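1. Let's see this in three dimensions:
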Amino acid sequence: MTVSKPTVAILIGRNHYARMFNQTAWDNLRDFANVIDHPGGEPATHAELLQILPQADACLTSWGVDQLDAEVLAAAPNLKAMAHMGSSVKRFVSDALWDRGIHVTTAAPALAEDVAITALSFMLVGMKRIWPLGQLVRAGGWRESRYWPSRELRYKTVGIIGASHVGRHLIRLLQPFTVHILLFDPFVNTEQAAALGVEKVELDELLRRADIVSLHAPDTPATRHMLNAEGLALMKDDALLINTARGTLIDEAALISELSQGRFFAFLDVTDPEPPAADSPLRRLDNVVVVPHLAGCIEDCSHMSEMAVEELRRFFAGEPPLYQVTPQMFGRIA
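-> Okay, here's the model as predicted:
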């Protein structure tokens with residue numbers, strides 16, 4: 001008996017195929033599904049979703065695709081699953097989607113690997129003080145700087161704020177460097193932290209003890225400005241602060257005030273607002289490096305397509321998902 005294949009709609013826009021899909025993902029997808037493409041170059045708008053999703057049993061989304069709201073879902077009676085390629089599904093789903101019981105998965109864990117690698121690179125470059133010392137040499141100097149001597153990551157205490165996909169991958173990446181890792185995450189208990197090979201602490205203790213503080217928490221009302229003036233004041237002199245998560249986690253006015261004192265160094269992949277205002281001190285201070293939200297994949301994000309396709313294959317094969325998203329998780333994800 002011939003079993004009909006499900007129909008999967010690709011909603012990301014043809015201009016993004018080269019960046020978001022590789023041949024392995026295409027081959028795996030076509031092996032179990034019929035594929036229909038949103039014909040436009042850019043991610044599907046609300047009107048375009050209304051046109052393409054009535055034909056679909058599942059869809060693949062990514063940055064820029066419009067929300068699957070009640071009107072879209074009413075026009076897509078056969079839609080059963082959504083696989084998202086990006087950092088967060090929050091903006092793309094609606095109550096109507098949960099009400100329909102549509103299966104939602106995310107490829108965020110694949111993206112998390114890129115972010116964790118970037119965070120690790122900031123740690124290595126930051127501890128070696130490559131940025132300020134490179135600027136000094138460019139200006140004609142050598143070692144006559146407060147940033148000399150350069151330092152090593154080995155034996156340092158690293159504070160991880162948030163055992164997210166990124167945080168957990170960073171913990172794994174740090175294992176060869178013989179560091180002591182502190183973790184603040186209210187959703188992780190002492191036993192779970194021990195299984196990760198880290199020490200669970202409260203936020204104030206982490207800020208006091210850590211040589212490096214790296215943020216990997218979600219943007220929620222509870223985490224907004226979790227690093228405020230009082231918390232930043234607890235950080236060690238010459239500490240390194242890294243934010244590859246969300247700019248809203250830090251009270252930026254308080255951060256600018258603290259950085260203006262020259263006590264510690266910061267690498268910021270995200271800011272609030274983003275980008276920083278043209279006259280923001282973050283663009284001028286010597287002890288901060290701001291980069292344009294690049295910690296995740298930029299040139300090649302196709303590893304996410306492999307994960308998303310595998311999740312849809314599992315769904316239609318009746319196999320358990322790897323990274324399902326439920327509404328109950330929204331308080332803990334970005």
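
2. those strands in this structure, which residues are they?
-> Under the criterion DSSP state E, strands of the chain are mapped to 7-10, 34-37, 58-62, 81-85, 103-106, 157-161, 180-184, 199-200, 212-215, 240-243, 265-268, 288-290, 324-325.

3. TSV please, covering those and showing mean pLDDT.
-> Listed next are those as TSV, based on pLDDT from 0 to 100:
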stretch	mean pLDDT
strand 7-10	98
strand 34-37	96
strand 58-62	98
strand 81-85	97
strand 103-106	96
strand 157-161	98
strand 180-184	98
strand 199-200	98
strand 212-215	98
strand 240-243	98
strand 265-268	98
strand 288-290	98
strand 324-325	94
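
4. Which residue ranges of the stretch 51-200 of the chain form helices?
-> 70-74, 95-99, 108-128, 130-138, 165-173, 190-196 (DSSP state H, counting those that start in this stretch).

5. coming back round to it: can you add mean neighbour count and give the strands of the chain back as a markdown table?
-> From N, CA and C alone the C-beta is placed, and that goes for glycine too. Below are the strands of the chain laid out as a markdown table (neighbours: other CB atoms under 10 Å):
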| stretch | mean neighbour count |
| --- | --- |
| strand 7-10 | 23 |
| strand 34-37 | 15 |
| strand 58-62 | 26 |
| strand 81-85 | 27 |
| strand 103-106 | 24 |
| strand 157-161 | 25 |
| strand 180-184 | 23 |
| strand 199-200 | 18 |
| strand 212-215 | 28 |
| strand 240-243 | 27 |
| strand 265-268 | 24 |
| strand 288-290 | 19 |
| strand 324-325 | 18 |
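
6. Rebuild those as a markdown table, extending it with distance to residue 250.
-> Shown next, in a markdown table, are the strands of the chain (distance: least, CB to CB, whole Å):
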| stretch | distance to residue 250 |
| --- | --- |
| strand 7-10 | 37 |
| strand 34-37 | 40 |
| strand 58-62 | 27 |
| strand 81-85 | 27 |
| strand 103-106 | 25 |
| strand 157-161 | 10 |
| strand 180-184 | 14 |
| strand 199-200 | 22 |
| strand 212-215 | 7 |
| strand 240-243 | 6 |
| strand 265-268 | 8 |
| strand 288-290 | 11 |
| strand 324-325 | 26 |
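
7. mind showing which ranges of the stretch 101-250 of the chain have poor pLDDT?
-> Of all residues in the stretch 101-250 of the chain, none has pLDDT under 70.

8. Show the contacting residues for the closest residue to residue 236 other than its chain neighbours.
-> In space, residue 236 comes closest to residue 211 once its chain neighbours are excluded; the distance is 6.5 Å by CB to CB, 6 or more residues apart in numbering. Contacts for residue 211 (CB atoms under 8 Å, 6 or more residues apart in numbering) come out as 156-158, 236, 239-240.
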